[in-house]
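Q: Task: produce atomic coordinates for the following.
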Amino acid sequence: MSENSAADIVESVGGPGNIVSLTHCATRLRFQLHDASHVDQDVVESIPGVLGAVPQQGNRYQVIIGGGVESVYNEIEALPQMKARDSAAAIKAAERAKGPRGKSAWLDSLFEYLSDSFRPILGALLGASLFITFMSLMSTIGVIDNWADPRTELSPSWQFVNMCWQCIFVFLPLMIAYNASKKLDADPWVGFGIMAVLMLPAFTALEDQATHHTIFGFDVNTIQVFGLPLTVNDYSSQVFPPLLMAAVLGPLYKLLKKLIPPNVQLIFVPFLAMLIMIPLTAFLIGPIGVYVGAGLGDILKSINDFSPFIFAIVVPLAYPFMVPLGLHWPINAIMLINIKENGSDFIQGPMGAWNFACFGATAGVLLLAWRQRDRQMRQTASGALAAGLLGGISEPSLYGIHLRFKRIYPRMLVGCFVGGLIIGIGGGVTTNAFVFTSLLTIPAFDNVILYTVAVAAAFFTAMVLVVLSGFRTPEQQAEFEAIRDAEEAERAAEKAGGPAPDPDGGGAALGTGAVAGAGAATAVIEKTGTATQVESDTDPDATKIHGPVTEIGSPLDGDVVPLSDVPDPVFAKGTMGGGAAVLPSGDTVYAPADGMVVAAQPTGHAFGLVLDGGIELLIHVGIDTVQMKGDGFDVKVKAGQKVTAGTPLVTFDRAKIEAAGYPIITPVVVMNTKKFASVTQIKSGTSSVGDPIIAVEAPAPKQ
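A: Reported below is the predicted structural model:
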């Protein structure tokens, strides 16, 4: 499923704000919603990859995905618009819970506020950084003098090029004011206007009439306005003043809306907000924001001055943990302040080691995806790598790959260390502009050779380590290979116009045996210890050509009933696929044929198998038994494990399940039913383990 489809699911259930929590079981997404009436059922069921949807009581809603539910779940939780949820398994939520965000609600809100204030303007910042890189490159090759030196006089042509990036950074406070005000449900244009007052040329010109002071090491220019001291600052490129202003404007706006009648709110709420906030921001909030930013910058500068070597190593090692927590946004603000106040920044150089180690790990994943014929990961990794190397954006790599496969992080950290070590040994790297650390912005750093060597070392170290050790656990790798082989067998069969071949080359696969033509009267049955394959069993007068048939045995003792008897519309309507259900008389589920376990829920309630020959089988013990959280289940296998017919998969306590109020009926479903000509229940009533209960007919070969 694509990221767009994942986003479509979120929007069709009412958007992120309507989602209380999200979990998943073996085949479906389970939403707890604020208001289920906001769900658009028709839209949900029309989304590619969605097999169906089931509304339930208590504002609960289920979206049926099938065997790929976990990857869809991860894609949804990785969407930028999704907030931390109740699910401990959610990638971003889990990462945040490890840090400050999981400990305090106000800290969580603070970092969300910072993130949403910056994220909408990333495109503008990225575009501006490429203009900066272009100017640096022209200066490096001698086309122009040092453009970053304020004493350099550029021609009008190059001044114009310079303006192309300056416009973004000079007016950055206005953009942040707009986004931050919108985040806190205040009129964003009111926030924009309040900050605009402090950026008027007339306001800045008041400095010519101001009195100069030095307070706690800061240069302060004040002027008397109505008998009160007004501090005059140049607010261009400042980040903290608009953030603090909007933090006060948001609650004020809500208060004014409560106090003022609705029919006059359009006039008086903005007016009173501006009447209060413009003086408050000019006299108090703005100067405080300037001093906070300058103070934080001075603290980091002191650390860097004390030991540039340690600083260069610590920064890239810290960033992989700061970004998931949102802690990198304040650091970006300090970079801008460093450039404005000191003319250069010392943080972005070491940060580049982290970015390129991140991109190198992604490159390693991409190489493995090509080698392992992983089409989905190739697409994900190639997109993430392009965004990183050309745009300096790490989020697609981080959320799309690295946080999903935890084996990557240790390898990436080694790359971070190597890159930071080289920068530290070389004495550090600075830049006189705020840029996104990508291939295109390398010329923007002052020691280009040192920086290039450092980021290249970080990139290739992480890449090689990932290639050598892999990014999946052995269990994940075995599960992936089983699914891949089954899909390739199906595609090969479709291309050839016949049934899928046996991936292991053995008998009883859906591609072996002769096909009986019209008039065939004899059934040829082959017993192999895996599944029973019936080549044909047709009426002598029949003219239809049939494909090979595979019979699937019962995975447990009990009474076989139709799927329509299952008290769950997802199974009863055949949404998941065709098959049968068993009312157990025993307490053990067995593998019905040889194959691979591709999903073994730790709760023991559901198992996914890919049988030799490509049939994807779901065995779901009971209905809603996922709610028992494994109580009463003893799982015998794990994902990635090869099984033979008769291998125990799980034992369960029937009495405990029934006492908990859950139906014990067990659906046995062919998940890839659409790949076959038919899936039919062939037995009813009492059945023992191994007795054929389902017949799966492959498409007839082309004549």
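
Q: these two touch, right, residue 47 and residue 5?
A: Yes: using Cβ atoms under 8 Å, residue 47 is in contact with residue 5, at 5.4 Å. All C-beta spots, glycine's among them, are computed from the backbone N, C-alpha and C.

Q: which of the two has more neighbours?
A: residue 47 (19 against 15; other Cβ atoms under 10 Å).

Q: what helices or strands is whichever helix or strand residue 368 is part of leaning on?
A: Here residue 368 sits within helix 348-371, counting by DSSP states H and E. If you count contacts as 3 or more Cβ pairs under 8 Å, 6 or more residues apart in numbering; DSSP states H and E, helix 348-371 packs onto helix 308-325, helix 375-391, helix 395-397, helix 408-425, helix 448-469.

Q: what's the closest of the ones you listed to residue 657?
A: helix 375-391 (35.7 Å; Cβ to Cβ).

Q: can you list contacts of that closest one?
A: Helix 375-391 has contacts (Cβ atoms under 8 Å, 6 or more residues apart in numbering) with 71, 126, 355, 358-359, 362-363, 365-366, 368-370, 393-397, 400-401, 436, 438-440.

Q: Between helix 348-371 and it, find me the angle.
A: Taking axes from the mean of the first three to the mean of the last three Cα atoms, to 10 degrees, one finds helix 375-391 and helix 348-371 inclined to each other by 150 degrees.

Q: 45 is where my numbering starts, stick with that
A: New numbering, starting at 45: the last item is helix 419-435.

Q: orientation of helix 419-435 relative to helix 492-513 in degrees?
A: 170 degrees.

Q: Helix 419-435: which residues count as buried?
A: Across helix 419-435, burial judged by 16 or more other Cβ atoms under 10 Å covers 421-422, 424-429, 431-433, 435.

Q: Can you add pLDDT and give the residues you listed back as a markdown table?
A: Below are the buried residues of helix 419-435 laid out as a markdown table (pLDDT from 0 to 100):
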| residue | pLDDT |
| --- | --- |
| 421 | 84 |
| 422 | 86 |
| 424 | 76 |
| 425 | 84 |
| 426 | 85 |
| 427 | 77 |
| 428 | 79 |
| 429 | 88 |
| 431 | 78 |
| 432 | 84 |
| 433 | 88 |
| 435 | 76 |
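
Q: List just the nearest of the residues you listed to residue 297.
A: Comparing every one of the buried residues of helix 419-435 with residue 297 (Cβ to Cβ), the shortest separation belongs to residue 435, at 34.9 Å.

Q: burial of the nearest residue to residue 264 once chain neighbours are set aside, as a residue count?
A: Using Cβ to Cβ, 6 or more residues apart in numbering and skipping residues adjacent in sequence, the residue nearest residue 264 is residue 257, 4.4 Å away. By the measure other Cβ under 10 Å, the count of residues near residue 257 is 12.

Q: is it true that residue 257 touches residue 266?
A: Yes: counting by Cβ under 8 Å, residue 257 sits close enough to residue 266 to count as a contact (6.5 Å).

Q: so where's the stretch 195-344 of the chain uncertain?
A: Along the stretch 195-344 of the chain, the parts satisfying pLDDT under 70 run over 195, 260-262.

Q: again, only using 80
A: Scanning the stretch 195-344 of the chain for pLDDT under 80 picks out the ranges 195-196, 257-263, 337-342.

Q: Just the CA trace of the helix holding residue 412, in CSV.
A: This file holds the C-alpha atoms of helix 392-415, laid out as CSV (Å, rounded to 0.1, in the frame of the first residue of the first chain):
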residue,chain,number,x,y,z
GLN,A,392,25.5,22.3,10.9
GLY,A,393,28.9,20.7,10.0
PRO,A,394,28.8,18.0,12.6
MET,A,395,25.1,17.6,11.9
GLY,A,396,26.0,16.7,8.3
ALA,A,397,27.7,13.6,9.6
TRP,A,398,24.4,12.4,11.0
ASN,A,399,22.5,13.2,7.9
PHE,A,400,24.9,11.4,5.6
ALA,A,401,25.1,8.4,7.9
CYS,A,402,21.3,8.2,7.8
PHE,A,403,21.4,8.4,4.0
GLY,A,404,24.2,5.8,3.8
ALA,A,405,22.1,3.4,5.8
THR,A,406,19.2,4.0,3.4
ALA,A,407,21.6,3.3,0.5
GLY,A,408,22.6,0.0,2.1
VAL,A,409,18.9,-0.9,2.4
LEU,A,410,18.4,0.0,-1.2
LEU,A,411,21.2,-2.3,-2.3
LEU,A,412,19.9,-5.2,-0.3
ALA,A,413,16.4,-4.5,-1.7
TRP,A,414,17.8,-4.8,-5.2
ARG,A,415,19.7,-8.0,-4.4
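
Q: ok so, going back, the helices and strands packed on helix 392-415: which one's closest to residue 65?
A: helix 352-369 (19.6 Å).

Q: State the three-state secondary structure for the residue nearest to residue 231 when sequence neighbours are not counted.
A: Nearest residue to residue 231, sequence neighbours excluded (Cβ to Cβ, 6+ apart): residue 314, at 5.9 Å. Reducing the assignment at residue 314 to three states with DSSP: H, G, I helix; E, B strand; the rest coil gives helix.

Q: Understood, closing this out.
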